[in-house]
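Visitor: Next input, structure requested:
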Amino acid sequence: MMMMHMTFFWGKNTEVLFSGWPGTSSGMYALCLIVVFLLAVIAEWLAHSPILRASGSTNRAAGLAQTAVYTLKTGLSYLVMLSVMSFNAGVFIVAIAGYAVGFFLFGSTTFKKPSDDRKTTELLPPSSGCVC
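Guide: Residues are numbered from 1 along each chain as shown. So this is what the prediction gives:
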């Protein structure tokens, strides 16, 4: 029976999500870190999915698709949260890294074409002359 930590700790001997997983093997711990990383990246991808951001559609099928994507994203986010609750520092770091990489790839403007960006408006038009 493994002890449940209530503070962050370093080490490969931990339980994440399921009893006995990843166990005491270094390879299984590495697999655990990869799984948590990918869960976070996928959750961030779904959060910035065009299906989830579609607006103006009153079609029931589109609404069901949005609900399904949102539900999947929320479920994956909860799995990442439960993984972090193992208090393993490695799991915490890869979860944060997964969310960061996911946002960088799918949420930031780095890989978006100008036509993909939503219309933005400036707070003050350049011709207003206000320098406040």
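
Visitor: where does this protein dip in pLDDT?
Guide: 1-3, 56-57, 115-132 (pLDDT under 70).

Visitor: For the one helix or strand residue 69 maps to, what is the distance to the chain centroid?
Guide: Assigned by DSSP states H and E, residue 69 belongs to helix 60-84. Put simply, helix 60-84 sits 11 Å off its chain's centre (C-alpha atoms, centre = their mean, to the nearest Å).

Visitor: The chain: helices as residue ranges?
Guide: With DSSP state H applied, the chain shows helices at 26-47, 50-53, 60-84, 89-106, listed in chain order.

Visitor: Would you mind putting the ones you listed into a markdown table with mean neighbour count and distance to residue 16 alongside?
Guide: (Glycine included, C-beta is placed from N, CA and C.) Compiled in a markdown table, the helices of the chain are given as follows (neighbours: other C-beta atoms under 10 Å; distance: least, C-beta to C-beta, whole Å):
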| stretch | mean neighbour count | distance to residue 16 |
| --- | --- | --- |
| helix 26-47 | 19 | 5 |
| helix 50-53 | 12 | 27 |
| helix 60-84 | 15 | 5 |
| helix 89-106 | 18 | 6 |
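
Visitor: Turn these into TSV, including distance to residue 7.
Guide: Output for these, formatted as TSV (distance: least, C-beta to C-beta, whole Å):
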stretch	distance to residue 7
helix 26-47	19
helix 50-53	36
helix 60-84	13
helix 89-106	10
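
Visitor: Of these, which is nearest residue 17?
Guide: In terms of C-beta to C-beta, the element of the helices of the chain nearest to residue 17 is helix 60-84, at 5.9 Å.

Visitor: now for that closest one, which elements pack on it?
Guide: helix 26-47, helix 50-53, helix 89-106 (3 or more C-beta pairs under 8 Å, 6 or more residues apart in numbering; DSSP states H and E).
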